[in-house]
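Chemist: here's my sequence, what's the structure:
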Amino acid sequence: QVQLVESGGGLVQPGGSLRLSCVASGFPLDYYTIAWFRQAPGKEREAVACISMSDGAPYIAPSAKGRFTVSRDVAKHTGYLQMSGLKPEDTAVYYCAAHDSERLAVRASEYDNWGQGTQVTVSS
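Modeler: I've put the predicted structure just below:
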């Protein structure tokens, strides 16, 4: 049974940084992808970034490119989303997701494992 545990959200001022972590357990091999989605009130859930745990291939959404980076520690079964230059419009609940594939999928429907979500609030 796959479980995802995320951490690292919080309140930060505009221009600040946060790092989200997602620890995955239950995958038999390292051929899976970890993704981050976010959902602001009244908006649809959108993909922010994802990374293949086997080869580290990343995807960063256009809205996050140049500000967010994604990385992983295979030995710790953990993916990281480093967010810098945060803006008020980045405020949302951020969810970690994973699927048993190396494909960098950006649709929420393609992921069947989800973390509990963590609130990120960017405000002065």
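
Chemist: OK, contacts around V48?
Modeler: By C-beta atoms under 8 Å, 6 or more residues apart in numbering, the contact set of V48 is A35, W36, F37, R38, I60, A61, S63, A64, F68, L81, Y94. Just so you know, the C-beta spots here come from the backbone N, C-alpha and C atoms, and that holds for glycine as well.

Chemist: please repeat the previous calculation with a cut-off of 7 Å.
Modeler: Contacts for V48 (C-beta atoms under 7 Å, 6 or more residues apart in numbering) come out as W36, F37, R38, A61, A64, F68, L81.

Chemist: host element of the nearest residue to it once chain neighbours are set aside?
Modeler: Excluding the flanking residues, the one nearest V48 by C-beta to C-beta, 6 or more residues apart in numbering is W36, at 4.5 Å. Assigned by DSSP states H and E, W36 falls within strand 33-39.

Chemist: from R45, how far out is the most centrally placed residue in the chain?
Modeler: Nearest to the geometric centre of the chain sits W36, at 2.4 Å (C-alpha atoms, centre = their mean). Look at W36 and R45: by C-beta to C-beta, to the nearest Å, they are 11 Å apart.

Chemist: quick revisit: now the contacts of V48: which count as buried?
Modeler: By neighbour count, with 16 or more other C-beta atoms under 10 Å, those hold W36, F37, R38, A61, A64, F68, L81 as buried.

Chemist: was I right about G85 contacting F68?
Modeler: No: counting by C-beta atoms under 7 Å, F68 is not a contact partner of G85; they are 8.6 Å apart.

Chemist: coming back round to it: roughly how far apart are the residue nearest to the centre of the chain and P28?
Modeler: On the measure of C-beta to C-beta, W36 and P28 end up 23 Å apart.

Chemist: what of A57?
Modeler: 20 Å.

Chemist: quick one, which of the two is more surrounded?
Modeler: The neighbour comparison of A57 against P28 (other C-beta atoms under 10 Å) goes to A57, with 14 against 8.

Chemist: name the nearest residue to the more buried one, ignoring sequence neighbours.
Modeler: Distances taken as C-beta to C-beta, 6+ apart place L104 nearest to A57, at 6.5 Å, with adjacent residues excluded.
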